[in-house]
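>>> structure for the following, please:
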Amino acid sequence: MSTFTYLITGASRSLGLGYTRALLAARPEARVVAAARNPSSAPDLQALAKEDANKDRVYLLQLDVEDKEQVAKAAKELEASGFLQNGLDALIHNAGVALNHQVKPSQLEPEHVLDNLNVNVFGVLNVNKAFLPLLGKGKGKQVFSLSSVCASLEQWGNNVMTPAYSVSKAALNMWMSKLAAELGPKGYTVIMFHPGYVQTDMNQSKGDITTEEAADLAVKNVFLAAKPELNGAFLRYSGEKMPW
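Next up is the predicted model:
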């Protein structure tokens, strides 16, 4: 059976861990590079990797998306590890932060926005540039990024909520759209998606759906449903189009 290898950032907990678990369960041919800042101190991720059904299917990679040099070293480590059979097939930019929610738009300081941009945009840029050569060797050529309803000017721009985070996710969408325009003609599929209002630590455990439900739905409706015609799309976890 031909393998299909995903790299997921922020895989130690919450949605990243959920996506890792759900993809391994949904696709017998799936293998996952589970990247996290400190995988050695992520007991749930380590336990998942050690399950009999996941033997030789998970590679734990230390990856701090904010550290450009460390990201480059991590890409070299993965390439030399022997885990990749034919390169990466899909890159899932999951690592993210949501900071300074309570600051009103008129009171925002540059550092309030930068706190979010450093991970949500610059971290994605670091990872994408370092691992794109490995993605080019794979057959899937898929790039996914967790965006948010907060990135939607039409749906979220008419309120004062989460301004710093919203700016970072809107910036991410613009970059992803540009990436889709560049890579689409080369056979890549670049998709951004809203993961849902999920009961995660980021949302103080509030939300409409559990992490497990959100992961299963994203795997079914986004990751496994990805096709070249969706290049550049902004989707919900349900697979429906999101308003820009």
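>>> from what I see, Phe144 and Val222 are in contact.
Yes - here Phe144 reaches Val222: they are 6.8 Å apart, a contact under Cβ atoms under 8 Å. The C-beta positions use only the backbone N, C-alpha and C, and glycine is treated the same way.
>>> any residues in contact with both of those two?
Both Phe144 and Val222 are contacted by 191, 193, under the criterion Cβ atoms under 8 Å, 6 or more residues apart in numbering.
>>> which residues touch Ile231?
Residue 231: Asn, not Ile. Listed by Cβ under 8 Å, 6+ apart, the contact set of Asn231 reads 180, 183-184, 188-191.
>>> most neighbours among these, please name it.
Neighbour tally across the contacts of Asn231 (other Cβ atoms under 10 Å): the maximum, 25 neighbours, falls on Val190.
>>> list phi and psi for it.
Dihedral pair for Val190: phi -110, psi 120, per degrees, to the nearest 10.
>>> now it: closest residue in space that isn't a chain neighbour?
Ala180 (3.8 Å; Cβ to Cβ, 6 or more residues apart in numbering).
>>> may I see the buried residues of the host helix or strand of the one you found?
Element membership for Ala180, per DSSP states H and E: helix 163-183. By neighbour count with 16 or more other Cβ atoms under 10 Å, helix 163-183 contains the buried residues 163-173, 176-177, 179-180, 183.
>>> of all the residues you listed, which comes closest to Pro133?
Leu183 (12.7 Å; Cβ to Cβ).
>>> distance of that closest one from Gly140?
Distance of Leu183 to Gly140, given as Cβ to Cβ, to the nearest Å: 13 Å.
>>> cool, Thr210 as well?
28 Å.
>>> check Gly184 too.
14 Å.
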